[in-house]
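> take this sequence and fold it.
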Amino acid sequence: MLKFLLVMLSILLINLQYQLWYANQDHTNLKQQIDSQQEKNAMLMSCHQKLEKKVVYLKQNSEAMEEYARMELGMIKQNEVFYQIIE
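The predicted model follows:
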């Protein structure tokens with residue numbers, strides 16, 4: 001009975017040591033993933049803020065919206081002739 005108890009305690013001790021050593025590595029890996037995701041989130045927030053500013057500007061300025069439609073989307077007005085100059 002005493003041998004059984006010693007074996008069980010030894011197994012428990014080995015298990016605890018294993019978890020202690022490898023849980024620390026898991027914690028480090030998770031910390032790195034969190035840091036990486038926070039960097040991505042910061043970059044995306046910056047892009048989102050720029051787009052929000054652009055949307056507000058285009059909503060408030062009809063000339064800017066027209067210019068954007070012409071330059072970015074290739075739109076033209078009705079009865080307007082489009083000339084494309086290739087250099």
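> next up, the contacts around S36.
Counting by C-beta atoms under 8 Å, 6 or more residues apart in numbering, S36 makes contact with nothing. All C-beta atoms are positioned from the backbone trio N, CA, C, and that covers glycine.
> which SS class is it?
The three-state label for S36, taken from DSSP: H, G, I helix; E, B strand; the rest coil, comes out as helix.
> next one: A23
Under three-state DSSP, the three-state class of A23 is helix.
> pLDDT wise, what is it at?
A23 carries a pLDDT value of 71.
> how close does it get to Y57?
As judged by C-beta to C-beta, to the nearest Å, A23 and Y57 stand 51 Å apart.
> and for K3?
Noted for K3: a distance of 80 Å to Y57, by C-beta to C-beta.
> those two: who's more crowded?
Set side by side, K3 and Y57 show more neighbours around Y57, with 12 against 7, by other C-beta atoms under 10 Å.
> now name the helix or strand holding L9.
Take DSSP states H and E as the rule and L9 turns out to sit in helix 2-60.
> buried sites along the next helix or strand along the chain from that helix?
Downstream of helix 2-60, the next assigned helix or strand under DSSP H and E is helix 62-73. Neighbour counts over helix 62-73 (16 or more other C-beta atoms under 10 Å) mark no residue as buried.
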